[in-house]
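J.: no sequence for this one, just the structure:
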């Protein structure tokens, strides 16, 4: 096994270790559970493509995001069933496809055959960002949007390099798919031709591709909205209920400083930055010069990454994971920056060092397999809560509206898990046949309800006295 293949093996082994043992466990962040529940509903015939359904109480018509990711994930529920692993397999597939897109961009821009095989650098830097792994483990919409934008940039690049407008059709379609996944954040590849022209000093030649890309994008969007009235209504509701209020800073403030998202970016990129600076420092000591072509690739990909991240300062609603689609391009950019120096270091690497890396890699693979077997089906978070919900879902029919006390009304995680596991809706209003309370209870159960003996850890389930069990 040569030097390059040894590093490819190490990268894949590390990727598997960091991701798979988490994916085989139960428990996710609120948003990921919500999206899985909506997708499961679609697979079970509850809601429609352009009018997804969350719960009977919370967003019976869900237009907080466009629906494409739910539609795609619902097909996994149709094929694989309702098990917790369904959305996990979807997340793994998205991770693999995004990796493929990163490799494809690297090979498209690489200057020679040797550099083409150094794609592992970009993958290594990508997975070294904690936010990327967290997002993949938690079924975030940014994963799917990032997958589409990576391939959109690839096809646009292919059009520019081959000087063929044909590839722009695929690029524009993928941009529309990114928009239909998470909204306006997926539109940044539309700037790719101009950024390419600026970086490679081919602005005049890139302008026709920029114009044609926009025309194709608007044509495809117009066809979709024109031919499918439900799509037009759905997208308008998303714009009216979510995007425009957020852009006008009328909804869901999460920060008082619009530049905080960029500070978060720098923090999350600290590991790849440190790795790249270390490689650069080692190369500078050897007086190794960087290829001009690598500089151009670095600048172009940095501009693409910036186009995906800097516009986020427009809104005061900011989350770190909004940056996910930009991270592959930062990883690619930094990798091209350090490529010359890494090549020099690899040439100096001795066989004993390579042997140690191979041993570490195979060890990581064995550890990954062992952890996946040992942890399968266990809880990575919310163990007691999920345990109770499985018991509740075991006796309540799907579609049940479950009453709750005031303490639980705003427990969005509880509502999400109830919907995901058993299609149960949580409602604050009284009068339902079943009531869920905290262990301390509300007092109403002493008059109207009697306990259901499920031996729950966190909650108490009660039924109305006149309801037969």
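T.: Perfect, I can see it now. These figures come from a predicted structure and were not determined experimentally.
J.: Show me what the helix or strand harbouring residue 76 is packed up against.
T.: Per DSSP states H and E, residue 76 falls inside helix 68-80. On a contact count with 3 or more C-beta pairs under 8 Å, 6 or more residues apart in numbering; DSSP states H and E, helix 68-80 meets helix 30-43, helix 85-109, helix 141-162, helix 167-182. All C-beta spots, glycine's among them, are computed from the backbone N, C-alpha and C.
J.: Give me the contacts around it.
T.: Under the contact criterion C-beta atoms under 8 Å, 6 or more residues apart in numbering, helix 68-80 has outside partners 35-36, 38-44, 49, 52, 86-87, 89-90, 141, 144-145, 177, 180-182.
J.: redo that, cut-off 6 Å
T.: 38-40, 42-43, 49, 52, 86, 90, 141, 144, 180-181 (C-beta atoms under 6 Å, 6 or more residues apart in numbering).
J.: Let's have the helices and strands packed on helix 68-80 in a markdown table, adding mean pLDDT, distance to residue 70 and mean neighbour count.
T.: Shown next, in a markdown table, are the helices and strands packed on helix 68-80 (pLDDT from 0 to 100; distance: least, C-beta to C-beta, whole Å; neighbours: other C-beta atoms under 10 Å):
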| stretch | mean pLDDT | distance to residue 70 | mean neighbour count |
| --- | --- | --- | --- |
| helix 30-43 | 96 | 5 | 24 |
| helix 85-109 | 97 | 11 | 20 |
| helix 141-162 | 97 | 9 | 25 |
| helix 167-182 | 97 | 9 | 23 |
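J.: Please pull out the lowest mean pLDDT helix or strand from the protein.
T.: helix 445-448 (a mean of 66; mean pLDDT, DSSP states H and E).
J.: Give me the buried positions along the following helix or strand past that one.
T.: As assigned by DSSP H and E, the chain's next helix or strand after helix 445-448 is strand 449-451. By neighbour count on 16 or more other C-beta atoms under 10 Å, the buried set for strand 449-451 is residue 449.
J.: chain center to strand 449-451, what's the gap?
T.: 42 Å (C-alpha atoms, centre = their mean, to the nearest Å).
J.: What pairs with it, parallel or antiparallel?
T.: Sheet partners assigned to strand 449-451 using DSSP bridges are listed as strand 459-464 (antiparallel).
J.: which residues are contacting the partner strand?
T.: 388, 392, 433-437, 445, 449, 451-452, 454.
J.: Try it again at 10 Å.
T.: 384-385, 388-389, 391-392, 395-396, 402-405, 408, 414, 431-442, 444-446, 448-454, 469 (C-beta atoms under 10 Å, 6 or more residues apart in numbering).
J.: For ChimeraX, write the selection for the buried entries among the residues you listed.
T.: Per 16+ other C-beta under 10 Å, the buried members of the contacts of strand 459-464 correspond to this ChimeraX selection:
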select :385,388,389,391,392,396,402,403,404,405,408,414,432,433,434,435,436,437,441,442,445,449,452
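J.: Among the contacts of strand 459-464, which ones are in helices?
T.: 384-385, 388-389, 391-392, 395, 414, 445-446, 448 (DSSP state H).
J.: In a markdown table: those, plus distance to residue 118.
T.: Compiled in a markdown table, those are given as follows (distance: C-beta to C-beta, whole Å):
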| residue | distance to residue 118 |
| --- | --- |
| 384 | 47 |
| 385 | 45 |
| 388 | 50 |
| 389 | 47 |
| 391 | 52 |
| 392 | 52 |
| 395 | 57 |
| 414 | 47 |
| 445 | 65 |
| 446 | 70 |
| 448 | 69 |
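J.: Tell me the one of those nearest residue 335?
T.: For those, the closest approach to residue 335 (C-beta to C-beta) belongs to residue 385, at 40.9 Å.
J.: For the closest one, give me its contacts.
T.: Contacts of residue 385 (C-beta under 10 Å, 6+ apart): 27, 379, 411, 413-414, 417-418, 456-459.
J.: which of these tops the neighbour count?
T.: Neighbour counts for the contacts of residue 385 (other C-beta atoms under 10 Å) peak at residue 417, which has 29 neighbours.
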